[in-house]
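Trainee: When you get a sec, could you give me coordinates for this:
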Amino acid sequence: MPQASNDQLVKDFHKAVNMTASQIEAFLKTPESKKVGQRNGDNGESIGHKSGRAIVAILRKTKLQYTPADYEQMRRTNSYVARHLAQGGPVNDKEHSKWRYSLMNWGHDPLK
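Mentor: This next block holds a predicted model:
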């Protein structure tokens, strides 16, 4: 992939992810984080929860350390956050909604 494309991808990723690595890590430990999202496989971890752990790892790297898998995770993150923000969330109590918790698993707090 051309460097300019990766540069834009990284820029978009850092716009989509508005939580710090520490904030995401702390949220991933909560019951709210663990009870939302689609699950694949037998271990019971949701796709968003697993992505949150990958996002934390990316945030702790320098640009020179990014792997092709990191860029793919950035693409998935950008897409997920954009799709879910477009839904607008619930009319009442966005703060305590599954919509918000799902986004937070992906590193985006819609109330920020």
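Trainee: quick one: contacts for Lys63?
Mentor: Lys63 makes contact with Val10, according to CB atoms under 8 Å, 6 or more residues apart in numbering. For glycine as for every other residue, the C-beta is placed from the backbone atoms N, C-alpha and C.
Trainee: Which strands or helices does the lengthiest helix in the chain pack on?
Mentor: The single longest helix within the chain, with elements called by DSSP state H, is helix 68-87. Packing contacts for helix 68-87, counted by 3 or more CB pairs under 8 Å, 6 or more residues apart in numbering; DSSP states H and E, involve helix 3-16, helix 47-59, helix 98-105.
Trainee: Let me see the mean pLDDT of the shortest one.
Mentor: If you average the pLDDT over helix 98-105, you get 96.
Trainee: tell me the angle it makes with helix 68-87.
Mentor: 160 degrees (axes from the mean of the first three to the mean of the last three CA atoms, to 10 degrees).
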